[in-house]
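In: Give me the fold of what follows.
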Amino acid sequence: MRLQEQISGELQTAIKNRDRVRTDAIRVLIGEFQRQPDKELSDQQVAGIIRKLIKSEKDLLAVSGAQDTGFTEVLEGYLPRQASEEEIRKWIAENIDFREFNNKMQAMKPIMAHFAGNADGTTVKKVLQTFDG
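Out: Numbering: from 1, shown residues only. Okay, here's the model as predicted:
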């Protein structure tokens, strides 16, 4: 089942369970899906929308000083597991030849392409900085 269908299907369950936070989060997601030019979204597109909403919510909370109501936690539950620093470090060591780049930060593009949204750019950058090159 695609992620978009899974999220839409969980709306009724959240309503029946009177889970207000989950219901509201799912409704926001569905609203974002409906604003997209494509009505059928790939899992990668859905994950991008979720990441954008999480970032927006965290920025808003940081500015306002308010407490997270659980909205971001619900959204994060739909994202695929993120690669750990150790997984990133191991893949870089096995697959990246730093001699091909003018500086090691130029290796970000192939690394991020490999992890296809399953690695945070900040984490990849932090790991890259530990390599000599």
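
In: Specify the local secondary structure of residue 40.
Out: For residue 40, the secondary structure call by DSSP: H, G, I helix; E, B strand; the rest coil comes out as coil.

In: burial of it, as a residue count?
Out: 10 (other Cβ atoms under 10 Å). Any C-beta I mention is one placed from the backbone N, CA and C, and that applies to glycine too.

In: how close does the nearest residue to it once chain neighbours are set aside sit to residue 36?
Out: Spatially, and ignoring its direct neighbours in sequence, residue 40 is nearest to residue 4 (7.4 Å; Cβ to Cβ, 6 or more residues apart in numbering). Separation of residue 4 from residue 36 (Cβ to Cβ, to the nearest Å): 10 Å.

In: pretty sure residue 32 is touching residue 53, no?
Out: Yes - at 6.7 Å, residue 32 counts as touching residue 53 under the criterion of Cβ atoms under 8 Å.

In: need the helices for the protein, in chain order.
Out: Taking DSSP state H to define them, one finds helices in the chain at 3-16, 20-34, 43-64, 71-76, 85-95, 108-115, 121-128.

In: Next, format those as TSV and append distance to residue 101, mean neighbour count and mean pLDDT.
Out: TSV is the format used below for the helices of the chain (distance: least, Cβ to Cβ, whole Å; neighbours: other Cβ atoms under 10 Å; pLDDT from 0 to 100):
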stretch	distance to residue 101	mean neighbour count	mean pLDDT
helix 3-16	34	15	91
helix 20-34	36	16	93
helix 43-64	26	14	89
helix 71-76	32	17	90
helix 85-95	12	14	89
helix 108-115	9	15	87
helix 121-128	10	16	86
